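Colleague: dropping the sequence and predicted coords here.
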Amino acid sequence: MPSLNLFLLFMAGAVALNLTPGPDMTFVLAQATHRGTRAGIAAALGIGTGTLFHMTLAAFGLAALFAAFPLAFDVVRFAGAAYLVWIAIGMLRHPPHLNASGEEPSIGAAFRQGVVTNILNPKVAIFFIAFLPQFVDRSAGPAWLQILVLGICFDISGTLVNSAVAFGSGKLASRMRRNPLIGKIMGWISASVMLGLAVRLAWTERR
């Protein structure tokens with residue numbers, strides 16, 4: 001397992017990302033707003049299930065890549081730093097806004113749609129490949145196992161956040177529509193965290 005400090009740094013970035021409204025949160029919000037809390041939670045669980053798919057591919061694919069090409073770790077590290085900067089710039093240029101709109105599927109359909117929506121989102125796969133390996137301590141055990149553990153923690157965090165959104169979707173959507181400043185503040189805070197992580201990843205030596 002990574003050191004406690006490295007793990008806490010990872011969780012800070014994970015929570016910041018999970019709290020930033022995006023396609024997954026908007027999907028959960030739409031289901032909860034139009035079909036009720038249970039459908040919103042089902043959608044959140046579906047998204048979490050889809051995330052497991054990306055996490056597993058990242059874990060075993062990257063472990064094999066690092067074993068075959070030692071320099072690949074550094075390549076991914078710098079690529080990950082650049083990707084985090086790109087995410088931060090996007091957060092600053094396009095502050096998050098939540099728009100409650102969508103269909104009214106059953107609870108089962110909400111879950112299935114959550115799974116499919118997440119699996120078919122290529123940005124999720126790119127994110128896991130770029131983000132998770134940066135927090136792997138190569139002296140602390142198999143890379144694939146560390147990536148799985150980190151991915152599960154990220155997934156749990158995201159599912160909890162999306163479930164909370166399902167519970168309070170009506171109030172949250174109303175506030176975000178009435179006061180866009182809330183979205184801007186969330187975007188600035190999350191962008192600052194991403195930029196800080198990018199700087200650390202670019203200058204930290206490979207473990």
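Modeller: All right, it came through fine.
Colleague: for this protein, which helix is longest?
Modeller: helix 37-68 (DSSP state H).
Colleague: tell me what that one is packed against?
Modeller: helix 23-35, helix 72-93, helix 107-119, helix 122-131, helix 143-167 (3 or more Cβ pairs under 8 Å, 6 or more residues apart in numbering; DSSP states H and E). To be clear about C-beta, it is placed using only N, CA and C from the backbone, and glycine gets the same treatment.
Colleague: now that helix and helix 107-119, what's the angle there?
Modeller: Counting by axes from the mean of the first three to the mean of the last three Cα atoms, to 10 degrees, helix 37-68 lies at 30 degrees to helix 107-119.
Colleague: rewinding a little: from the helices and strands packed on helix 37-68, which stretch is densest packed?
Modeller: Compared across the helices and strands packed on helix 37-68, helix 23-35 shows the largest average neighbour count, a mean of 23 (mean count of other Cβ atoms under 10 Å).
Colleague: so what's residue 104 scoring on pLDDT?
Modeller: Looking at residue 104, its pLDDT stands at 45.
Colleague: could you list the single helix or strand in this protein with the lowest mean pLDDT?
Modeller: helix 169-178 (a mean of 57; mean pLDDT, DSSP states H and E).
Colleague: hang on, the earlier thing: who wins for proximity to residue 56 among the helices and strands packed on helix 37-68?
Modeller: helix 143-167 (7.4 Å; Cβ to Cβ).
Colleague: how far away is residue 192 from residue 42?
Modeller: Applying Cβ to Cβ, to the nearest Å, the value for residue 192 to residue 42 is 33 Å.
Colleague: now do residue 163, the pLDDT please.
Modeller: 93.
Colleague: related to what we said a few turns ago, please say which of residue 192 and residue 42 ends up with more neighbours.
Modeller: residue 42 (27 against 14; other Cβ atoms under 10 Å).
Colleague: contacting residues around the more buried one?
Modeller: Residues in contact with residue 42, defined by Cβ atoms under 8 Å, 6 or more residues apart in numbering, are 31, 107, 108, 110, 111, 114.
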